[in-house]
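Chemist: output the structure for:
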Amino acid sequence: MSVQFKMIPKKNNLVSPPEVKYYPCAVSQGEVNLDDLARIVASRTTMSRPDCFGVIMALSDVIGESLANGNIVRVDNLGTFQLTLTGTAADTEETLGKSNIKEAKINYRPSKELKNRMKKITYKRIR
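Modeler: The predicted structure follows:
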């Protein structure tokens, strides 16, 4: 199956005169939720759907716990998860503290296998 896309016009006001260019935008075909993932995995393995559901939930919990403990999580064929922090600057190293941290974000980098899989995607333009 192909990834469907449509063309979206975007106006560039930084040039004179302003110009419109068209860019491709992927069109979603729906969502796959946890229950769907468990059903699909179960159909491809010897595990039952509830077992797959439990494994996926446990994996999510363990990834979150590992990140909260300061670890980088590398799932071989999926990719790497790493915690990053955003915050405000401090004038000196001594004045830098927890109050400077605004939030923690999860940085995800796909594995080489997943990137290679994305290179094999075919595309179909829709109107």
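Chemist: and the next element down the chain from the lengthiest helix in the chain?
Modeler: Criterion DSSP state H: the longest helix present in the chain is helix 49-68. Per DSSP states H and E, the first helix or strand lying C-terminal to helix 49-68 is strand 73-75.
Chemist: report the buried residues of that following strand.
Modeler: By 16 or more other C-beta atoms under 10 Å, the buried positions in strand 73-75 come out as residue 73. The way it works is simple: take the backbone N, C-alpha and C, and place the C-beta from them, glycine included.
Chemist: what's the average pLDDT for that strand?
Modeler: The average pLDDT for strand 73-75 rounds to 97.
Chemist: check which helices and strands the following helix or strand past it sits against.
Modeler: For strand 73-75, the following helix or strand on the C-terminal side (DSSP H and E) is strand 79-87. With contacts taken as 3 or more C-beta pairs under 8 Å, 6 or more residues apart in numbering; DSSP states H and E, strand 79-87 sits against helix 49-68, strand 73-75, strand 101-110.
Chemist: I'd like these written out as JSON lines, with distance to residue 8 added.
Modeler: Output for the helices and strands packed on strand 79-87, formatted as JSON lines (distance: least, C-beta to C-beta, whole Å):
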{"stretch": "helix 49-68", "distance to residue 8": "33"}
{"stretch": "strand 73-75", "distance to residue 8": "33"}
{"stretch": "strand 101-110", "distance to residue 8": "24"}
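Chemist: of these, which is nearest residue 94?
Modeler: Among these, the nearest to residue 94 by C-beta to C-beta is strand 101-110 (16.1 Å).
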